[in-house]
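1. all I have is the shape, not the residue letters:
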């Protein structure tokens, strides 16, 4: 029987107040496509373009994602909140026939409605109790320019809920709570 680490409650409380962007990682290790919503995506380096994210070992999607050498990283906007919910829901059908997804020429599954995505190659993993940290190099992708300021459609995860940023008339961005949460 394991006991909680003495810092676990402080960690959880601190990260309840630490907003993060939302991404969906997709891959196909050869037997089926998998997808997972993550709020741990970080930039590591711009040249070469490298990102990192963590996968909880409690998720059934983590093991197949770790078997795949390549993946697609989708950076979500508020309009993609239904996809974030779908890929965070245990047992949900994430790749229905005729759904808004397609395979890239290299075979990875990609959600076609997401405007910013990158195909990436796994560089390395660091197993940690209960999770695995993954580093990946971006190989190609697409970022569709938008005339709308980023704060108008960003999707942010904070306090176990998804939010959108809202720009007030005085130019200050604030959070608008979404009714959806994990």
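-> Structure received. Computed from a prediction, not measured in an experiment: that's the story for all the values here.

2. and the residue nearest to the spatial centre of the chain, what does it touch?
-> Closest to where the C-alpha atoms of the chain average out (C-alpha atoms, centre = their mean) is residue 23, at 2.2 Å. Counting by C-beta atoms under 8 Å, 6 or more residues apart in numbering, residue 23 touches 37-39, 41, 53, 73-76. (C-beta placed from N, C-alpha, C; glycine too.)

3. could I get these as JSON lines with pLDDT?
-> Shown next, in JSON lines, are the contacts of residue 23 (pLDDT from 0 to 100):
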{"residue": "37", "pLDDT": "97"}
{"residue": "38", "pLDDT": "97"}
{"residue": "39", "pLDDT": "95"}
{"residue": "41", "pLDDT": "97"}
{"residue": "53", "pLDDT": "98"}
{"residue": "73", "pLDDT": "98"}
{"residue": "74", "pLDDT": "98"}
{"residue": "75", "pLDDT": "97"}
{"residue": "76", "pLDDT": "95"}
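
4. between these, which is nearest residue 15?
-> residue 39 (9.5 Å; C-beta to C-beta).

5. check which residues of stretch 132-145 are buried.
-> For stretch 132-145, the neighbour count (16 or more other C-beta atoms under 10 Å) marks 132, 134-138, 141 as buried.

6. now intersect the residues you listed with the strands, please.
-> Counting by DSSP state E, the part of these found in strands is 132, 134-138, 141.

7. please enumerate the helices of this structure.
-> Applying DSSP state H to the chain gives helices spanning 8-16, 62-67, 81-88.

8. hey, which of those helices is tucked in deepest?
-> Counting by mean count of other C-beta atoms under 10 Å, helix 81-88 has the highest mean neighbour count of the helices of the chain, with a mean of 20.

9. show me what that helix is packed against.
-> The contact analysis (3 or more C-beta pairs under 8 Å, 6 or more residues apart in numbering; DSSP states H and E) places helix 81-88 against strand 23-27, strand 34-38, strand 173-181.

10. shaky segments in the protein?
-> Residue ranges of the chain with pLDDT under 70: 1-2, 166-182.

11. now with 50?
-> When residues are selected by pLDDT under 50, those of the chain lie in 181-182.

12. quote the end-to-end distance of stretch 84-104.
-> End-to-end distance for stretch 84-104, by C-alpha to C-alpha, to the nearest Å: 20 Å.

13. looking at the helices of the chain, which is nearest to residue 121?
-> Going by C-beta to C-beta, the one of the helices of the chain nearest residue 121 is helix 62-67, 13.3 Å.

14. only whichever of the contacts of residue 23 are buried, select them in PyMOL.
-> Applying 16+ other C-beta under 10 Å to the contacts of residue 23, the buried members can be selected in PyMOL as follows:
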select buried, resi 37+38+39+41+53+73+74+75+76
